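Colleague: sequence first, predicted model second:
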Amino acid sequence: MHAQDSRLQEGDIIFQSNISPQCKAIELATHSRYSHCGILFKKNGGWYVYEAVQPVRQTPYDEWIARNREHYAVKRLKGADSLITASEILQMKLAAGKYMGKNYDSYFEWSDERIYCSELVWKIYREVLGVEVGKLQPMREYDLSHPLVKATMRERYGNSIPLDEKMVSPGNIYNSPLLETVIER
């Protein structure tokens, strides 16, 4: 176990970068060092990250942070001690549970058929707490000018890039004024 585990609370949002080939394009388009996120919950006495990868799953905390040589950040809703009750944590786990096993959404569509990482976090917070932890914005508002971003978009969408599709990035959530930093490594 890591010494910083004692600072974690259920419902914390954890961020990392560079876990897949598309991550660099996400970081460039969003001007953020973070390209992936999930929510921390305890299960059977251990910490797990509920995350949207292929498929959506619960990953042991130590395994999750080891992916990026233990470089990660943890953020928490400001005032969480009074805003998030044990009952709401249970509701958040139940909300996350309905996405378990779903396919990862590599097209970043705003639906519940497939889901991407920051969409999972955003929807759980919105559904259970009524809080929008990050700005939803159309794809066109991200920086799509870098050649790597353009190539990734072309590969994914061809000539039909959904520029008006609403999305939320890990960077949007990381930069939310509703969150405070707990750990930054």
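Modeller: Structure received.

Colleague: can you get me a residue count around residue 182?
Modeller: Residues near residue 182, counting by other C-beta atoms under 10 Å, number 18. Placement of C-beta: from N, CA and C, glycine included.

Colleague: same question for residue 141.
Modeller: Neighbourhood size, residue 141 [other C-beta under 10 Å]: 12.

Colleague: in the chain, where's the longest strand?
Modeller: Determined from DSSP state E, the single longest strand within the chain is strand 36-43.

Colleague: so where's this structure shaky on pLDDT?
Modeller: Applying pLDDT under 70 to the chain flags the ranges 1-4, 19-21.

Colleague: restricting to C-alpha, output the longest strand of the chain in CSV.
Modeller: Extracted as CSV, the C-alpha positions of strand 36-43 are listed here (Å, rounded to 0.1, in the frame of the first residue of the first chain):
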residue,chain,number,x,y,z
HIS,A,36,-7.5,9.7,-18.4
CYS,A,37,-9.6,9.7,-15.2
GLY,A,38,-11.7,7.5,-12.9
ILE,A,39,-13.5,7.5,-9.6
LEU,A,40,-12.0,5.9,-6.4
PHE,A,41,-14.1,3.6,-4.3
LYS,A,42,-13.4,1.0,-1.7
LYS,A,43,-14.3,-2.6,-2.2
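
Colleague: all numbers from here: first residue = 566
Modeller: OK, 566 is where the count begins now, so the last one is strand 601-608.

Colleague: packing partners for that strand?
Modeller: Here strand 601-608 touches strand 578-581, strand 611-616, strand 622-625, helix 651-662, helix 682-694, helix 735-739, going by 3 or more C-beta pairs under 8 Å, 6 or more residues apart in numbering; DSSP states H and E.

Colleague: hmm, try it at 7 Å
Modeller: The helices and strands touching strand 601-608, judged by 3 or more C-beta pairs under 7 Å, 6 or more residues apart in numbering; DSSP states H and E, are strand 578-581, strand 611-616, helix 682-694, helix 735-739.
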